[in-house]
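Peer 1: Generate a structure from the sequence data that follows.
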Amino acid sequence: MKATILTSLVLLSSLAWAKEKQRSFEQPCATVFPIAEKMSSEKPYHLLLDGKVDMILRVETGSFWKAGAADIDVQFTANPDGTCTVTDNSPYSGVRKNGTVYLDRLEKRISETK
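Peer 2: Numbers count the residues shown, from 1 in each chain. The predicted structure follows:
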């Protein structure tokens, strides 16, 4: 019984950490990445890492003094059909809201620039 409970907890925790959130955009990553860079340097975000070569951004949101700061890690992947997939690889926070909100805002920003 204990082994079954332990195994279940291990599986659940590994699934929580392995969760990825993705969005696919019709535009190429050469268009999407600069929009995300600009958005990441505006409030409520703070750009921590700008990996132009690897197409990776690390962004901080929140405040240590208020509700706590959280890192958002996003990776941009160019697809063979010319589209761009953006994946949120942020550490699981229990709520998993920050990266999803970031992707929502990016989606809105891109739709506004069409």
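
Peer 1: So what's the residue count around Glu26?
Peer 2: Glu26 sits with 12 neighbouring residues when counted by other C-beta atoms under 10 Å. Backbone N, C-alpha and C define where each C-beta goes, glycine included.

Peer 1: Report the contact partners of the residue nearest to it when sequence neighbours are not counted.
Peer 2: Closest residue to Glu26 apart from its sequence neighbours, by C-beta to C-beta, 6 or more residues apart in numbering: Thr83 at 5.8 Å. Thr83 makes contact with 24-28 under the criterion C-beta atoms under 8 Å, 6 or more residues apart in numbering.

Peer 1: Weed out the non-buried ones from these.
Peer 2: Among the contacts of Thr83, those buried by neighbour count (16 or more other C-beta atoms under 10 Å) are Phe25.

Peer 1: Return the closest of the contacts of Thr83 with respect to Ser40.
Peer 2: Lowest distance from Ser40 to the contacts of Thr83 (C-beta to C-beta) belongs to Phe25, with 15.8 Å.

Peer 1: Now do the helices in this structure.
Peer 2: 2-18, 29-40, 98-112 (DSSP state H).

Peer 1: Quickly, which of these bottoms out on average pLDDT?
Peer 2: Confidence, taken as mean pLDDT, is least for helix 2-18 of these (a mean of 45).

Peer 1: burial measure for Gln22, as a count.
Peer 2: Gln22: 13 neighbours (other C-beta under 10 Å).

Peer 1: is it true that it touches Asn79?
Peer 2: No - with contact defined as C-beta atoms under 8 Å, Gln22 does not count as touching Asn79 (11.3 Å).

Peer 1: what residues are shared contacts of those two?
Peer 2: Thr85.

Peer 1: Report the buried residues of stretch 68-85.
Peer 2: 70-76, 84.

Peer 1: what does stretch 50-67 give?
Peer 2: In stretch 50-67, counting by 16+ other C-beta under 10 Å, buried: 55-62.
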